[in-house]
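> Okay, here's the prediction I keep looking at, along with the sequence it came from:
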Amino acid sequence: MAEPRYEEVGVGTRLPGLTHTLRRGDLVVYAGASGDFNPIHWSERAAAGAGLPAVVAHGMLTLGVALRVLTEWAGRDAVLECATRFAAPVLVPDTDEGVEITAGAVVSEKLGDGRVRVDLTVRCGGEKVLARPRAVVRLR
């Protein structure tokens, strides 16, 4: 798919969404890459001790998965900034099926200089897991 051109993108443009499955092994790989070895991300006992119903995905891993909507649309180095709040944990069961995260996005503002603001919607099990996720993306 060709990268979008600023002149051709309007407010309200919907980006192709994505569905991504997270499994426990993904949490281990992310822990190694990020250095975040908090046991709530791999130990049922630690998660329960922290008052969580199950092992949870790293918040930044969830955001990173969601940002793929933007990088697949506009290119790997197009995202200039992003922000969100973590609204609900992504519970990752110890099964082969894992859990699905869905992400969609819409252009909410044209900022000039080839930049657009994009609002994302990120859900797991029908529940929003990121609150007000948004990003600024540079287009060609």
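Looks like it arrived, so ask away. Quick caveat: nothing in here was measured; it's all calculated off a predicted structure. Residues are numbered from 1 along each chain as shown.
> Scan this structure for its longest helix.
The longest helix of the chain (DSSP state H) is helix 59-74.
> chain center to that one: distance?
4 Å (Cα atoms, centre = their mean, to the nearest Å).
> I'd like the distance from the lengthiest strand in the chain to the chain centre, please.
Identified as the longest strand of the chain according to DSSP state E is strand 99-112. Mean-position distance between strand 99-112 and its chain equals 10 Å (Cα atoms, centre = their mean).
> Kindly report the same for stretch 16-31.
On Cα atoms, centre = their mean, the centre of stretch 16-31 falls 10 Å from that of its chain.
> Identify each of the helices in this structure and give its residue range.
24-34, 44-49, 59-74.
> Tell me where the model's unsure across the chain.
1 (pLDDT under 70).
> ok, now how distant is the nearest residue to residue 108 once chain neighbours are set aside from residue 68?
Closest residue to residue 108 apart from its sequence neighbours, by Cβ to Cβ, 6 or more residues apart in numbering: residue 119 at 4.5 Å. Heads up, the C-betas are built off the backbone N, CA and C, glycines and all. Per Cβ to Cβ, to the nearest Å, residue 119 is found 16 Å from residue 68.
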